[in-house]
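*Asks:* Quick one: sequence plus predicted model below, questions after.
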Amino acid sequence: MSFDLLSTDGDARYGMLKTRSGKVKTPFFMPVCTRGTGKFIGIDDYNKIKSQCIINNSLLLSLRPGGKLIKEMGGLNKFIGFNGSTFTDSGGFQASSPGLFVMKSKRGIHFRDPFTTGKHMITPKQSMKIQHDIGADVAMAFDDMPNYGETQKDYALSMERTHAWAEICLREHIALQEKKNRQLLFGIIQGGFYQRLREQSAQVIRDMEVDDRGFDGIATGGLAIGEPTDEMFKVVDWVRPYLPEDRCRYFMGLGTPVDIIEAVKKGYDCFDSIYPTRSARHGNMFTWKGFLDLTRGKYAKDETPLDPDCQCEVCRNHSKAYLRHLFKIDDPEGKRLRQHHNLYFLKEFMEEIRKRIKECSLDKFQKEFSALWKKKL
RNA sequence: GCUUCCGUGGCUUAGUCUGGCUAGAGCGGGUGGCUGUUAUCUCUUAUGAGAAAGAGACCACCAGGUCCCCGGUUCGAAUCCGGGCGGAAGCG
């Protein structure tokens, strides 16, 4: 088994995800590294921050530099020089990217190649081949993710398609894998914002097996895509009883620190989101005293670091005044520094969550932190 | 002392010649947003929608004004006229 459950605090779990690159303590957060690097931040920072795990995008990487090239270069981790474990997202999410998405069909999703004028159809089978070539430690099933606000009929269709594709993915994945040192594969639950669909999807993905093998982890997809937070957590509650105890549970696309604590309390182990990095690029900083808006004029002459309790290299070396200046002149280095801090914060934040689970004091931590987060600094 | 030029939100300014929508913009300020990233987009080709290409790019909202002052002309003045005040340059 790829997941060890070590201790619990209510439904919150402290555990260990074992990939071929090493052990990942859960719950954990993955910085997004779409094309083998972030936007204005890269692997060097992720290594310095000591992120346990990052997520890359197999669709974009397959277009450039191509799965085969990455394979020839010794696989993703070696190619990009990352010290931890890696995931690749399948590309299903890019169906909601207006610039890339062309159309969906029963067989797969048609994408525009942003580098050329060409178009590609990605099938679940191809996605597995691509992700196998790229060779991240964990691959994701190729799913059909509808946008927020579609009809029940649309959600049902997407769910059915996701299930059909999940089985193709699982079968193909098993066929491609060597016996030793294998890549993990996570399945994805869909079903939109309808209880019956979500329950059905959770059961189908959890129970799906090919040659006595199921998914190594179970992801909940299609959330945090614009719906109100209470609606999102309603879905989480519907799905919760059907999540497996013995496998890693991944909440795709989350998110804000407060949302992450809540999701951890509801049993999730794994998170990824662009929120910390995009917020940082937009001047919104995460601190132990709350959400800090660096763009405010009151920080123009502030000599203190973003967070006096933070040990990251940005807080050790730079004042708010300087960081605000870099924001104001829209400097790329400023973007890197701000993102570095937010990702470092989130790494420490997840460590605190793990500690609190072990101490069974997660509730207390949630109350304290959420109260601080509400007011903008 | 004389001549010329200038005076519009905190800053930089458009508008003044040729009087006429609610004095417009950028920066700065405030509030909010962002959740599996080709930037949650925008504009142009251009026309209802869509597709495509190209260019650019965090987004939205809000608050800041005695248009230096006083008077005149006029239905109407930031704008024209006169007189002040303040600043800059040149000549004594």
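*Replies:* Arrived safely.
*Asks:* shaky segments in chain A?
*Replies:* Residue ranges of chain A with pLDDT under 70: A:117.
*Asks:* okay, now the domains of it?
*Replies:* If you go by automatic domain parsing, the domain ranges for chain A are A:3-273, A:281-362.
*Asks:* So which residues on the stretch 1-150 of chain A come close to RNA strand B?
*Replies:* A:32, A:34, A:38-39, A:55, A:57, A:60, A:89-90, A:92-94, A:97-100, A:102, A:112, A:114, A:117, A:140, A:143, A:145 (Cβ under 7 Å from any atom of the strand). (Glycine included, C-beta is placed from N, CA and C.)
*Asks:* in the stretch 201-350 of chain A, which spans are helices?
*Replies:* Listed in chain order, the helices of the stretch 201-350 of chain A (DSSP state H, counting those that start in this stretch) span A:229-239, A:257-265, A:275-281, A:313-317, A:320-328, A:332-359.
*Asks:* Compare these and report which one is nearest to RNA strand B.
*Replies:* For these, proximity to RNA strand B was assessed by Cβ to the nearest atom of the strand; helix A:275-281 is nearest, at 3.4 Å.
*Asks:* elements contacting the closest one?
*Replies:* Counting contacts by 3 or more Cβ pairs under 8 Å, 6 or more residues apart in numbering; DSSP states H and E, helix A:275-281 packs against strand A:284-287, helix A:332-359.
*Asks:* Deepest in the core, which of the ones you listed is it.
*Replies:* strand A:284-287 (a mean of 23; mean count of other Cβ atoms under 10 Å).
*Asks:* hmm, that strand in reach of RNA strand B?
*Replies:* Yes - using Cβ under 7 Å from any atom of the strand, strand A:284-287 reaches RNA strand B at residue A:284.
*Asks:* What lies in contact with that strand?
*Replies:* Contact partners of strand A:284-287, identified using Cβ atoms under 8 Å, 6 or more residues apart in numbering, comprise A:257, A:276, A:279, A:291-294, A:306-307, A:309-310, A:338, A:341-342, A:345-346, A:349, A:377.
*Asks:* Please repeat the previous calculation with a cut-off of 7 Å.
*Replies:* For strand A:284-287, the surrounding residues in contact (Cβ atoms under 7 Å, 6 or more residues apart in numbering) are A:257, A:276, A:291-294, A:306-307, A:338, A:341-342, A:345-346, A:377.
*Asks:* Walk me through which strands that strand pairs with, and which way each runs.
*Replies:* According to DSSP bridges, strand A:284-287 has the following sheet partners: strand A:290-293 (antiparallel).
*Asks:* and the strand it pairs with with RNA strand B, contact?
*Replies:* Yes - against RNA strand B, strand A:290-293 shows contacts by Cβ under 7 Å from any atom of the strand at residue A:293.
*Asks:* ditto for stretch A:269-278
*Replies:* Yes - using Cβ under 7 Å from any atom of the strand, stretch A:269-278 reaches RNA strand B at A:272-275, A:277-278.
*Asks:* PyMOL command to pick out the buried ones of the residues you listed?
*Replies:* Burial among those is assessed by 16 or more other Cβ atoms under 10 Å; the matching PyMOL selection reads:
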select buried, chain A and resi 272+273+275+277
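*Asks:* Using TSV, lay out the residues of stretch A:269-278 next to RNA strand B together with distance to residue A:72.
*Replies:* Listed next are these as TSV, based on distance: Cβ to Cβ, whole Å:
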residue	distance to residue A:72
A:272	27
A:273	31
A:274	29
A:275	34
A:277	30
A:278	33
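*Asks:* Can you tell me how far residue A:162 is from residue A:93?
*Replies:* Using Cβ to Cβ, to the nearest Å, one gets 12 Å for the distance from residue A:162 to residue A:93.
*Asks:* When the two are compared, which one has more neighbours?
*Replies:* Counted by other Cβ atoms under 10 Å, residue A:162 and residue A:93 do not tie: residue A:162 has more neighbours, with 28 against 19.
*Asks:* List the contacts of that one.
*Replies:* For residue A:162, the contacting residues are A:143-144, A:188, A:190, by Cβ under 7 Å, 6+ apart.
*Asks:* Helix or strand: which one has it?
*Replies:* Here residue A:162, judged by DSSP states H and E, is contained in helix A:152-176.
*Asks:* And that helix, what's buried?
*Replies:* Using 16+ other Cβ under 10 Å as the test for burial, helix A:152-176 gives A:155-163, A:165-173, A:176.
*Asks:* Just give me the neighbour total for residue A:310.
*Replies:* Counted with other Cβ under 10 Å, the neighbours of residue A:310 add up to 19.
*Asks:* circling back to that earlier point, tell me which two of the residues of stretch A:269-278 next to RNA strand B sit farthest apart.
*Replies:* The most widely separated members of the residues of stretch A:269-278 next to RNA strand B are A:272 and A:278, with 12.8 Å between them, by Cβ to Cβ.
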